[in-house]
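[1] Fold the stuff below for me.
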Amino acid sequence: MEKKELEIVALSHSMSQSQNYAVILGEKEGTRRLPIIIGGFEAQAIAVAMEGMTPNRPLTHDLFKNALETFGITLREVVINNLLDGIFYALLVCEHEGVTYEIDSRTSDALALAVRFNCPIYTYEFILETAGVELEEAEPQSKPAARRRAPRRPRSLSDLSLEELNERLQAVLEKEDYEEAARIRDEINRRKQGG
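    I've put the predicted structure just below:
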């Protein structure tokens, strides 16, 4: 399977789950976004590394990186390799003395390490097709400050038609509300699968 390279484009607080965050991965050569809900500690671990902060004592991911480097192990890439029941799975692809090893990892931990090692992040097309959200080209606007507002959130997505769901999806993507976009995408996929 061909791998698609991703990059972290945003890290935001979850609007629906106060203890969680959303890390948004974007295709390096495409317009799709892959929102992944993660915990607060994992979000902090990613944010600390992205901001180049150095804590007084190593955080868990820093400790793991130091241990790998001490033993001559290099993290070559992170691969988000599966999606089952809404849960993303990842592999750490490491190299030691010319031998490649794949280590199972939680996706949030794998991303925290990818930032520390400055290594590429990949996924597969079937994951982007299932869980990705497409950004459309921005439409020209008469006034630069004008922004289309997303319609009010209905009581339930199940109350909307498929056409209304697609319109709602585009509106929330324009607002970069990727968490809501993921919920709408899941409802659209459920309906397409006859669920």
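
[2] Go through the least confident helix or strand in the chain by mean pLDDT and flag the buried ones.
    Lowest mean confidence among the helices and strands of the chain (mean pLDDT, DSSP states H and E): helix 162-174, at a mean of 76. Across helix 162-174, burial judged by 16 or more other Cβ atoms under 10 Å covers 165, 168-174. C-beta coordinates here come from the backbone N, C-alpha and C atoms, glycine included.

[3] Over to stretch 114-123?
    114-117, 119-123.

[4] quick one: Arg76 and His96 touch, right?
    No: applying Cβ atoms under 8 Å, one finds Arg76 not in contact with His96, separated by 10.5 Å.

[5] Which one's more surrounded, the two?
    More neighbours surround Arg76 than the other of Arg76 and His96, with 15 against 12 (other Cβ atoms under 10 Å).

[6] coming back round to it: can you pick out the ones from the buried residues of stretch 114-123 that are in helices?
    Those of the buried residues of stretch 114-123 mapping onto helices are 114-117, per DSSP state H.

[7] CA atoms only for stretch 110-118, dumped as CSV, please.
    As requested, C-alpha coordinates have been extracted for stretch 110-118 and formatted as CSV (Å, rounded to 0.1, in the frame of the first residue of the first chain):
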residue,chain,number,x,y,z
ALA,A,110,3.8,8.0,18.2
LEU,A,111,3.0,11.7,17.3
ALA,A,112,4.8,13.0,20.4
LEU,A,113,7.9,11.0,19.4
ALA,A,114,7.7,12.0,15.8
VAL,A,115,7.9,15.7,16.8
ARG,A,116,10.9,15.0,19.0
PHE,A,117,12.7,13.0,16.4
ASN,A,118,11.6,15.3,13.5
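
[8] Check which helices and strands the top helix by length along the chain sits against.
    Longest helix in the chain, counting residues (DSSP H): helix 178-192. With contacts defined as 3 or more Cβ pairs under 8 Å, 6 or more residues apart in numbering; DSSP states H and E, the secondary structure elements packing on helix 178-192 are strand 3-13, strand 20-27, strand 32-39, helix 125-131, strand 133-134, helix 162-174.
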